[in-house]
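Asks: need coordinates for the below:
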Amino acid sequence: MPSDRTEKLEAFANPNPERDYRIRHVCPEFTSVCPITGLPDFATITVDYVPDQLCVELKSLKYYYYGFRQQGIFYEAVTNQILDDLVALCEPREMTVTGEFAVRGGISSTITATYRNTNKGNGA
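Replies: Residues are numbered from 1 along each chain as shown. Here you go, the predicted structure:
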């Protein structure tokens, strides 16, 4: 069952599905909440992907990210959730989501989750 957050995600037809090319979206203002302390977590989220038939629509991606602002979720979970939701939306040839989380308690964290569709061939 889709969440309110994923219901807002939209895609559009890839204008060049015959070709492999890379799209990179960077959001330096991502926020969520630490599930233990309730304090805000700040991150730069980067989505890097090779589309197949569909591309992620940016305004919907922005509102999707806003859906995490009040959610208590660990860094690892949110990075993997973003990857899972975007792969389900647009079924890319490959996608990597990287979360670069700001320093908290003297430690910064970078989480990287990757998907590769081994069932689809490369474009021309």
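
Asks: and the residue nearest the centre of this protein?
Replies: By Cα atoms, centre = their mean, the mean C-alpha position of the chain lies nearest to Ile82, the distance being 3.9 Å.

Asks: helix, strand or coil for that residue?
Replies: For Ile82, the assignment made with DSSP: H, G, I helix; E, B strand; the rest coil gives helix.

Asks: any idea how far Asn16 is from it?
Replies: Distance, Ile82 to Asn16, using Cβ to Cβ, to the nearest Å: 24 Å. Yep, even glycine has a C-beta here, placed from its N, CA and C like the rest.

Asks: over to Ser109?
Replies: For Ser109, the distance to Asn16 equals 35 Å [Cβ to Cβ].

Asks: so Glu100 makes contact with Ser108?
Replies: Yes: the pair Glu100 / Ser108 is scored as a contact, 7.4 Å apart, by Cβ atoms under 8 Å.

Asks: who has more neighbours out of those two?
Replies: Glu100 (19 against 11; other Cβ atoms under 10 Å).

Asks: what's the nearest residue to that one if we skip its chain neighbours?
Replies: Thr44 (4.5 Å; Cβ to Cβ, 6 or more residues apart in numbering).

Asks: that neighbour: which element?
Replies: strand 40-50 (DSSP states H and E).

Asks: same thing with Pro17?
Replies: Going by DSSP H and E, Pro17 is not in any helix or strand.

Asks: same check on Thr6?
Replies: Going by DSSP H and E, Thr6 is in helix 4-7.

Asks: alpha carbons of that helix, as CSV, please.
Replies: Extracted C-alpha coordinates of helix 4-7, given in CSV (Å, rounded to 0.1, in the frame of the first residue of the first chain):
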residue,chain,number,x,y,z
ASP,A,4,1.0,9.6,1.3
ARG,A,5,4.6,10.4,0.4
THR,A,6,4.9,7.9,-2.5
GLU,A,7,1.5,8.8,-3.8
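
Asks: residues in contact with Asn14?
Replies: Neighbour list for Asn14: Pro51, Asp52, Gln53, Leu54, Cys55 [criterion: Cβ atoms under 8 Å, 6 or more residues apart in numbering].

Asks: if you set the cut-off to 6 Å instead, what comes out?
Replies: Applying Cβ atoms under 6 Å, 6 or more residues apart in numbering, we find Asn14 in contact with Pro51, Gln53, Cys55.
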